[in-house]
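*Asks:* only the shape, not the letters, is given here:
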Ligand SMILES: Nc1ncnc2c1ncn2[C@@H]1O[C@H](COP(=O)(O)OP(=O)(O)O)[C@@H](O)[C@H]1O
Ligand SMILES: [Mg+2]
């Protein structure tokens, strides 16, 4: 399977995603240049973390107009898997691939920490190798990760099982303390109504090696493999 | 073609948490400005653009706000009248 | 005492690099708004405060700008007239 | 030589103008001698920048020459943008530290941010990809609202810049002491990794090769840094006043990628950051290193503002700019690479055979200096050095006779006080704002002794740390200098790394004061002794002098940035206790020394006594014994004793890592020749708290290597307290209280602070 990782000007987790895919999973990966219109036959698209265009206006606001994003949108529309991590989640929201928006962290500070997230739905192409209710240890590193959407949208996401990850404590209990950025309803990651676009603030690609403290992100990529290859 | 200056105000949509506004309010209270009741913090963008006339300039800037400058999910925008730059 | 609303505009000081403004200008050009010449991005703060009259309210807000709202090394501020809130 | 005529509109050179440019009468005469005529205004500006302390090291150079700089693995020592050492497998590490103290005092956010930007550029211009950032910070007391404002601004500036560029900030240190009240220290270090064959030097070569300005446009930022204050000029125009530099990390990220691509491409022969004194110093230094001439046309330099004079273009310190010497005929290829990254490159000059440094404005020659004399003819000074008698008296004072406070009857009280002293307390409030895991190499991030980064494609890792204790250096500069190096080495060794080499940032006061120059000379001598003994040469660094405020000089503060190498990933060792039932050992000698300790400062408000002894030979033996034990696989954890002594070190082993808390039971009753407080809180050097499941092996290794080592207790993973038996007493501290003291202090203090504090008492602007 081939993963296409988009490099926007200011992306800085493209390299980490590339290594997670190629070294930890042993799969193919290519970098996709933001000015191109070619997905190079990628089966899965990753919108990586970073600060595209410096995030100077709003995170993701400028990146969504990159030429490559037209192709990514078409790929998503056709049901192709898209994974937006951190800045990639912000871009996916700005581009309308996912509902809602990501705003300044509630305490106004950048937060870099290993947080815990609870799996809310394990019946997706990104989470089928996890157990529902399982708690993962994954790093976050962001200044704008507070997920917001209207109450109707939030209700709809919940009703449709589209909230995939929530910030929780070690026992899986949701609390304000476990929520690093003030996201509504502790939401850490959501999926599109077609089930093929996942956006999340934590970095699964940074949790792919016991040496670095956590292996919990590996199954996310393996889930995609098992579903898409099948 | 003439050059116009247009100011745009972009504010967090009402009802959304405004942590920056709250932080500024708290800070002002700490500094002794106890009479402050409410603070909202938004963005202020000043653009200079060429256009045939003020109306055209304002229309273009409205278009910019819709497309890029404001996030329709979280922000409202308001455009001031174009003035010759 | 009455309540007033005052808007404050805070802008990067002239001549200082304005990376935000540059990024927005470039993005607007890419989106086809080629007529844009200059963009500056600042902050827009709306305060509601109690004061005896509009003049007192404006004076207090000027003081707030000096002490907290604007960074005197990098920013300029401008205060609009107080209006009853 | 060409004819140089004054440019219309330039001010006439008067003795006042010369003085405002910071040149002494003798220096000005030297300049006239070199030119054989009076300088133009542009030439005066150039010389004032290049002969400034910051660029010329005129007071420090002779002393710096005494530092050891060589080892078989040093590929590049001092004299380049960054030092480089080989780590085997064809790989090398480039690293350097630099200060941004004065800019940060004026504008903490931008000052710190641009400091990070500058040091990043120093590393990637060597051909290395930055893999880690560190920072070493000193502030006044956190009780002061302006200090809290500076602290939060600096931390945010460091975080925002490094996070955006995508380089993990992994280690550092933060000290709060009223000695730094109006003059914070902000030192940033960058570490990069490269293939040895990509090493490139900032040396202009090849007559006819074009010189190109790359990256951001030039504005009137920071002309003459913060030191320039000229009535004539500022009256003429507000726009000419020195201006704070604003960082643009997004452009830096593009510049980083473009520069590495350029270096790989082979289209360029040299590249250097336009840092302090901008275009002037970068072009003059590159020419001097290559022993060639250069000519620059300022009208070709892309500017951000109109009407900039040659003087302004040459001296601007606009950020995110590079000077590149391209291969002749490859200009278009260079432009194409920059275009790919949405950046521009402009040819602004050329390498020439005639040994001159020439600046033109179109056709007109506005400045010209013979040969490389602009750089080499800079004066050097060896000022008088004399120790201040008052400090000699402080050192002679007997620390052990300071009477105990009533509360100290329970040492647990004292321990809690120390753990909640901001200098000792957890700095997570700061480093939570730094992305420490991006690039997925961070095996150990902030919070332990040193940070550890794996080296992809090998079984190796590198360990990095900054260290420096200004109070020790103040009380005894020679010993303090030694300790700074030894402590950095010990920290790195605690992770399992062999200390390899250092970079250093020397933050001192005004060198023309004999007592300051004495501190400088002695501290460097102490550093040199330690570097020789430990086999860690100096590969570069930075000197920041004139760190003074109206209340006097800061503590003399050499900051050491140490790089160590771990040969085998399985040797990586953590600071906190790991396993239930492990035996706790103290490696090194108990000295019972209280002089210059954090205990005296925090509990008694006293800065007196001789700092702890530092025998560099013993330090080496302790490090060797520790590494031998680690490599033998018998060490579960290792943590060095520093601020707050053994008691604080033990507490940190118990509660430092919130995910891995353990209790411990300790018996120190054997050390009856010392007082309880000296045992607990004395800061004797060369000591490491080790935990092991095979204590006999550790003891045997230590004995073989001639290092004292004693079993002092046991790890109780599930006990909820730290218990210590002492010769005359005992103490028991619940972990929850230790943890509260250690983890909550700084967040609590900072929560009381408005996001920005008052600006009304801006610190005086000192020299650059
Ligand atoms: N304390 C020091 N020890 C050793 N070398 C030093 C020290 N300070 C400066 N240097 C070396 O002097 C050279 C010039 O340093 P510096 O002026 O700081 O460079 P930059 O141009 O980047 O500011 C560098 O190679 C640096 O490594
Ligand atoms: Mg440099």
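*Replies:* Nice, I can see it. Predicted, not measured: the structure shown is a model, and the values here were computed from it. Ligands and ions are numbered 1, 2, ... in the order given.
*Asks:* got the confidence number for residue 8?
*Replies:* With no chain named, the answer covers chain A. pLDDT recorded at residue A:8 is 98.
*Asks:* that was the other one, I meant chain B.
*Replies:* 97.
*Asks:* okay, it and residue A:175: tell me how far apart.
*Replies:* Using CB to CB, to the nearest Å, one gets 39 Å for the distance from residue B:8 to residue A:175. All C-beta atoms are positioned from the backbone trio N, CA, C, and that covers glycine.
*Asks:* and those two? which has more neighbours close in?
*Replies:* Neighbour totals were compared for residue B:8 and residue A:175, and residue B:8 leads with 23 against 11 (other CB atoms under 10 Å in any protein chain shown).
*Asks:* the residue nearest to that one when sequence neighbours are not counted bridge partners, please.
*Replies:* Here the nearest residue to residue B:8 in space, its sequence neighbours aside, is residue B:45; by CB to CB, 6 or more residues apart in numbering or on different chains that works out to 4.5 Å. Beta-bridge pairing of residue B:45 under DSSP bridges involves residue B:8, residue C:41.
*Asks:* surely residue B:45 meets residue C:39?
*Replies:* Yes - between residue B:45 and residue C:39 there is a contact under CB atoms under 8 Å: 6.6 Å.
*Asks:* for chain A, which segments count as helices?
*Replies:* Using DSSP state H, the helices of chain A run over A:14-19, A:67-77, A:87-94, A:151-159, A:218-229.
*Asks:* looking at those helices, which is nearest to residue C:85?
*Replies:* Shortest distance between residue C:85 and the helices of chain A, using CB to CB, is found for helix A:151-159: 27.7 Å.
*Asks:* mind giving me the packing neighbours of the closest one?
*Replies:* strand A:187-191 (3 or more CB pairs under 8 Å, 6 or more residues apart in numbering or on different chains; DSSP states H and E).
*Asks:* pull the residues that contact the strand it packs on.
*Replies:* Outside strand A:187-191, the residues that touch it by CB atoms under 8 Å, 6 or more residues apart in numbering or on different chains are A:89, A:98-100, A:115, A:117, A:121, A:124, A:126, A:147, A:154, A:157, A:162-167, A:197-202.
*Asks:* swap in 6 Å and give it another go.
*Replies:* Contact with strand A:187-191 is made by A:117, A:124, A:147, A:157, A:162-167, A:198-202, as judged by CB atoms under 6 Å, 6 or more residues apart in numbering or on different chains.
*Asks:* same deal with stretch B:61-72?
*Replies:* Residues from elsewhere that reach stretch B:61-72 (CB under 6 Å, 6+ apart): A:58, A:101, B:6, B:10, B:77, B:79, C:33.
*Asks:* nearest to ligand 1 among these?
*Replies:* Of all the contacts of stretch B:61-72, ligand 1 sits closest to residue A:58, with 34.9 Å by CB to the nearest ligand atom.
*Asks:* which SS class is the closest residue to that closest one other than its chain neighbours?
*Replies:* Spatial nearest neighbour of residue A:58, chain neighbours left out: residue B:71 (5.8 Å); criterion: CB to CB, 6+ apart. Of the three states, residue B:71 takes coil under DSSP: H, G, I helix; E, B strand; the rest coil.
*Asks:* compute the number of surrounding residues for the closest residue to chain B within chain A.
*Replies:* Proximity of chain A to chain B (CB to the nearest CB) peaks at residue A:101, 4.4 Å away. For residue A:101, the tally of surrounding residues (other CB under 10 Å) stands at 23.
*Asks:* residues near the closest residue in space to it that isn't next to it in sequence, how many?
*Replies:* Leaving aside its chain neighbours, residue A:101 sits nearest to residue B:73 (4.4 Å; criterion: CB to CB, 6+ apart). Other residues lying near residue B:73 total 19 when counted by other CB under 10 Å.
*Asks:* pLDDT score for residue B:73?
*Replies:* pLDDT, residue B:73: 92.
*Asks:* distance check, it against chain D.
*Replies:* Remark: distance between residue B:73 and chain D (CB to the nearest CB, to the nearest Å) = 24 Å.
*Asks:* list the contacts of the residue lying closest to residue D:23 once chain neighbours are set aside.
*Replies:* Of all residues not flanking residue D:23 in the chain, residue D:48 sits nearest, at 5.8 Å (CB to CB, 6+ apart). When contacts are counted by CB under 6 Å, 6+ apart, residue D:48 touches D:21, D:22, D:23.
*Asks:* what secondary structure does the second one sit in?
*Replies:* Yep, that's residue D:22 we're talking about. The assignment at residue D:22 comes out as coil when based on three-state DSSP.
*Asks:* show me the contacts for it.
*Replies:* Residues near residue D:22 by CB under 6 Å, 6+ apart: residue D:48.
*Asks:* for it, what are phi and psi?
*Replies:* phi 80, psi 10 (degrees, to the nearest 10).
*Asks:* can you spell out which helices and strands pack onto the helix or strand of chain B with the lowest mean pLDDT?
*Replies:* Across the helices and strands of chain B, the lowest-confidence element by mean pLDDT, DSSP states H and E is helix B:19-30, at a mean of 90. The contact analysis (3 or more CB pairs under 6 Å, 6 or more residues apart in numbering or on different chains; DSSP states H and E) places helix B:19-30 against strand B:36-51.
*Asks:* neighbours of residue 15, how many?
*Replies:* Assuming you mean chain A. 20.
*Asks:* looking at chain B here, not the other one
*Replies:* Neighbourhood size, residue B:15 [other CB under 10 Å]: 8.
*Asks:* quick one: it and residue C:76, what's the gap?
*Replies:* In terms of CB to CB, residue B:15 sits 31 Å off from residue C:76.
*Asks:* now swap in residue A:161 and tell me
*Replies:* Taking CB to CB, one finds residue A:161 at 51 Å from residue C:76.
*Asks:* returning to that earlier point: can you turn the buried part of the contacts of stretch B:61-72 into a PyMOL selection?
*Replies:* A single PyMOL command selects the buried members of the contacts of stretch B:61-72 (16 or more other CB atoms under 10 Å in any protein chain shown):
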select buried, (chain A and resi 58+101) or (chain B and resi 6+10+77+79) or (chain C and resi 33)
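*Asks:* what's the most distant pair in the contacts of stretch B:61-72?
*Replies:* Pairwise distances across these peak at 24.9 Å for A:101 and B:6 (criterion: CB to CB).
*Asks:* per-residue confidence at the residue of chain B most remote from its centre?
*Replies:* Ranked by distance from the centre of chain B (CA atoms, centre = their mean), the top residue is residue B:32, with 27.6 Å. Note on residue B:32: pLDDT of 91.
*Asks:* tell me the secondary structure for it?
*Replies:* Per three-state DSSP, residue B:32 ends up coil.
*Asks:* ok, now which ones touch residue A:186?
*Replies:* Counted by CB under 6 Å, 6+ apart, residue A:186 has contacts A:166, A:167, A:174, A:179.
*Asks:* filter these by proximity to chain D?
*Replies:* Near chain D, judged by CB under 6 Å from any CB of the partner chain, there are no entries from the contacts of residue A:186.
*Asks:* so the closest residue to residue D:3 other than its chain neighbours, which state does it fall into?
*Replies:* Leaving aside its sequence neighbours, residue D:3 sits nearest to residue D:365 (CB to CB, 6+ apart; 6.8 Å). Put simply, residue D:365 is strand when judged by three-state DSSP.
*Asks:* could you tell me how many residues sit around residue D:365?
*Replies:* 20.
*Asks:* any idea what it is bridged to?
*Replies:* Taking DSSP bridges as the rule, residue D:365 bridges to residue D:360.
*Asks:* and stretch D:50-69, does that touch ligand 1?
*Replies:* Yes - Stretch D:50-69 lies within reach of ligand 1 by CB under 6 Å from any ligand atom, at D:55, D:64, D:67.
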